[in-house]
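A.B. asks: need a structure here:
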Amino acid sequence: MSINHSAFLVETDWLEKNISHPDLKVIDFHYNLDFKDTGEVILSSGFPAWKEAHIPGSIYIDLLTELSDRSNPVPFMMPPIEQFVDVMSRNGIRQGKTVVIYDRGESAWAARLWWMLRSNGFDDAVILNGGWEKWKKEGRETTSVTALPVAGCFTANPRPELIVDKDYVLNSIGGEQVRVCSLGREIFRKGHIPKSVNLESMSLLRPESGEFLPEKDLERIVAAQGFSIDDEIIVYCGGGISASLSAFVLTMLGFKNVRLYDGSLEEWRADPNLPLETLGN
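C.D. replies: Numbering: from 1, shown residues only. Sure, this is the predicted structure:
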C-alpha cells in the first residue's frame, strides 16, 4: 500500500501518523560544521547525536564517510555511482519506498541527500519540514533504540545534468545561464563567481522554527532576484550544502532546469586561474 504525501515536504504530524508504515524509510542526515576563530572549519559526524536520541525507526547515514567521493580533496563531493548504490542498498532504500529525510539544523543537509537521490533518478524522497528541532519541540516520541535496516536493491537512473563541474560553470559565465550563490550577503560580497546573483538559502526558512516559508513568500523572494522559471539556474555555495537547499526550493517552485555546482567555492577558490568577483561596501 502506497503512502499519500506531498511531492516535496511532509509535516511532523504526517510523519507521526505514518511512521510505522512498511514502505517508509526515515533518514537522519545531519553533519556538524564548527568554525574556529581562525576561520578553520571543523567537520564532525551527527552520528553521536543520532545514537543518543532520534525519531523512532530512523537510520543515520554519514555524508562524509559514506556518501562523498573519498578520492577528492574537496569534502562532500558526489561519490561514484557504485558507491552511492551500495550505501542506498545496504540501508534498504529502493524504488517503492518513500524516504523522509531530516537533519538537526536548517534542512540544508537533508536537501543535500534529497538532491543526491534526485540526481540518481529517485523521486520519492521528501524533507521533514522543520526537521528534528520541530519534532522535538512538539514533544513527539524520540528513542535511542537502533533500528537495523533491511537491505534492498537500489536502482540508479542517473541524471548527470543535475550536477555540474567547474568547467561547465566557467563556460556559463559568458552565456545566458543564471549563477545563484546561496551564501550570506557578506560572504557573497567578499568573493563570488562572476555575474552571480545572491539568493541566501537561509532567507527561505522561518528563522524561529526552521520551517520553509509559505510558497507565496518563496516565490516573492525568488522573483526579486530577476530570473525566471524558464532560465537555466546553476546554484552554488561554499561546499554544495546550502546550494542544495536553494536547488530544492527552486525545484519545489516549478523550476525545471536547476543544476548544482558540486564543488562550489571550496573548489573554485582553490584554482588561481578561476575568476572571482567582489562587491564594494
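A.B. asks: hey, let's count contacts and neighbours off CA atoms from now on
C.D. replies: Noted.
A.B. asks: gap between the lowest-mean-pLDDT helix or strand in the chain and the chain center?
C.D. replies: None of the helices or strands of the chain scores lower by mean pLDDT, DSSP states H and E than strand 31-35, at a mean of 84. Taking C-alpha atoms, centre = their mean, to the nearest Å, one finds the center of strand 31-35 at 15 Å from the center of the full chain.
A.B. asks: now swap in stretch 78-93 and tell me
C.D. replies: 17 Å.
A.B. asks: tell me the mean pLDDT over that stretch?
C.D. replies: Stretch 78-93 carries an average pLDDT of 97.
A.B. asks: Buried ones in that stretch, by neighbour count?
C.D. replies: Neighbour counts over stretch 78-93 (16 or more other C-alpha atoms under 10 Å) mark 78-79, 84-89, 91-93 as buried.
A.B. asks: same thing with stretch 156-170?
C.D. replies: Buried residues in stretch 156-170 (16+ other C-alpha under 10 Å): 156, 162-164, 166, 169.
A.B. asks: Next, give me the two most distant ones among the buried residues of stretch 78-93.
C.D. replies: 78 and 92 (19.9 Å; C-alpha to C-alpha).
A.B. asks: Tell me what angle the helix or strand hosting residue 43 forms with strand 31-35.
C.D. replies: Here residue 43, judged by DSSP states H and E, is contained in strand 41-45. Going by axes from the mean of the first three to the mean of the last three C-alpha atoms, to 10 degrees, strand 41-45 is angled at 160 degrees with respect to strand 31-35.
A.B. asks: After strand 41-45, heading C-terminal, what element do we hit next?
C.D. replies: That would be, after strand 41-45 and using DSSP H and E, helix 47-52.
A.B. asks: Mind listing what's buried along that next one?
C.D. replies: Neighbour-count burial for helix 47-52 [16+ other C-alpha under 10 Å]: 47, 50.
A.B. asks: Which residues outside it are in contact with it?
C.D. replies: 28, 30, 60, 62, 143-146 (C-alpha atoms under 8 Å, 6 or more residues apart in numbering).
A.B. asks: what mean pLDDT does that helix have?
C.D. replies: 97.
A.B. asks: Just the C-alphas of that helix, formatted as PDB.
C.D. replies: Only the C-alpha atoms of helix 47-52 are listed here, as PDB (Å, rounded to 0.1, in the frame of the first residue of the first chain):
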ATOM      1  CA  PHE A  47      26.000  10.000  14.400                       C
ATOM      2  CA  PRO A  48      26.700  10.500  18.200                       C
ATOM      3  CA  ALA A  49      23.600  12.800  18.500                       C
ATOM      4  CA  TRP A  50      21.500  10.400  16.500                       C
ATOM      5  CA  LYS A  51      22.600   7.500  18.700                       C
ATOM      6  CA  GLU A  52      21.600   9.400  21.800                       C
END
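A.B. asks: Next secondary structure element downstream of that helix?
C.D. replies: Next element after helix 47-52 (DSSP H and E): strand 59-60.
A.B. asks: chain center to that next one, what's the gap?
C.D. replies: 16 Å.
A.B. asks: Likewise for stretch 188-205?
C.D. replies: That offset, for stretch 188-205, works out to 16 Å (C-alpha atoms, centre = their mean).
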